[in-house]
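J.: below is the structure, and that's it, no one-letter string:
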């Protein structure tokens, strides 16, 4: 542990939904930080929060507010040279979150964790237009990331992780989280996607390095 780092033991909480474009962009910014060797946010907890949990009506991709928001985020994606399709259908994401939780349980011992699976699910929806509400689609995506297809099919078929998805939603609401994406660390939070620069400023402000004690002028080790 680095002396003087106030937040080093606290993870960055990322409340997200696989079918939310703002969540996709935040995920990509975090992934790019890691790819560039920036380890300030190596401890990230991906916290599922369904955009519209069933039986709520599906999000209408043709709704004016949704179209306006998505167009703006699509432009941001282009500025980041990030592939982005505006899906013509937005499924319930319950099964995708169940798969993510199964992946977290199964893949954690490998040391790599389930992050590659999360990335695959985001890509499938926003780059390939895949229907994340279909179990057969999710099974194929999981198999591509090294998970056992038969096991995934069985887990999703019996809704094994559905109660946990509900519990995580309840936990998020109890913390005052009302939408996605939301980032929280040590009481500081950023809700929505206010732009690339604003997200990066927030990440810098809550990074452990930002909370170190002022440098000493004495001897250092």
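T.: Done, it's in. Just so you know, these numbers come straight off a predicted model, no measurement behind them.
J.: what sits up against stretch 60-69?
T.: 21-22, 59, 70, 86-90 (Cβ atoms under 8 Å, 6 or more residues apart in numbering). (Each C-beta comes from the backbone N, C-alpha and C, glycine too.)
J.: now the helices for the protein?
T.: In the chain, the segments counted as helices under DSSP state H are 21-35, 64-79, 94-107, 115-126, 135-144, 149-157, 162-174, 196-206.
J.: which one of those lies nearest to residue 187?
T.: Among these, helix 196-206 comes nearest to residue 187, with 9.4 Å by Cβ to Cβ.
J.: other SSEs contacting that closest one?
T.: For helix 196-206, the packing partners by 3 or more Cβ pairs under 8 Å, 6 or more residues apart in numbering; DSSP states H and E come out as helix 21-35, strand 182-185, strand 188-191.
J.: could you rerun that using 7 Å?
T.: helix 21-35, strand 188-191 (3 or more Cβ pairs under 7 Å, 6 or more residues apart in numbering; DSSP states H and E).
J.: deepest of those, which one?
T.: helix 21-35 (a mean of 20; mean count of other Cβ atoms under 10 Å).
J.: so how far is it from its chain's centroid?
T.: Chain-centre distance of helix 21-35: 8 Å, with Cα atoms, centre = their mean, to the nearest Å.
J.: let's test this: mean pLDDT of it, rounded?
T.: Averaging pLDDT along helix 21-35 gives 92.
J.: thinking again about what came up before, between the helices of the chain, which gets nearest to residue 14?
T.: Of the helices of the chain, nearest to residue 14 by Cβ to Cβ is helix 21-35, at 6.7 Å.
J.: show me what the closest one is packed up against.
T.: Using 3+ Cβ pairs under 7 Å, 6+ apart as the test, helix 21-35 ends up in contact with strand 12-16, helix 64-79, helix 115-126, helix 196-206.
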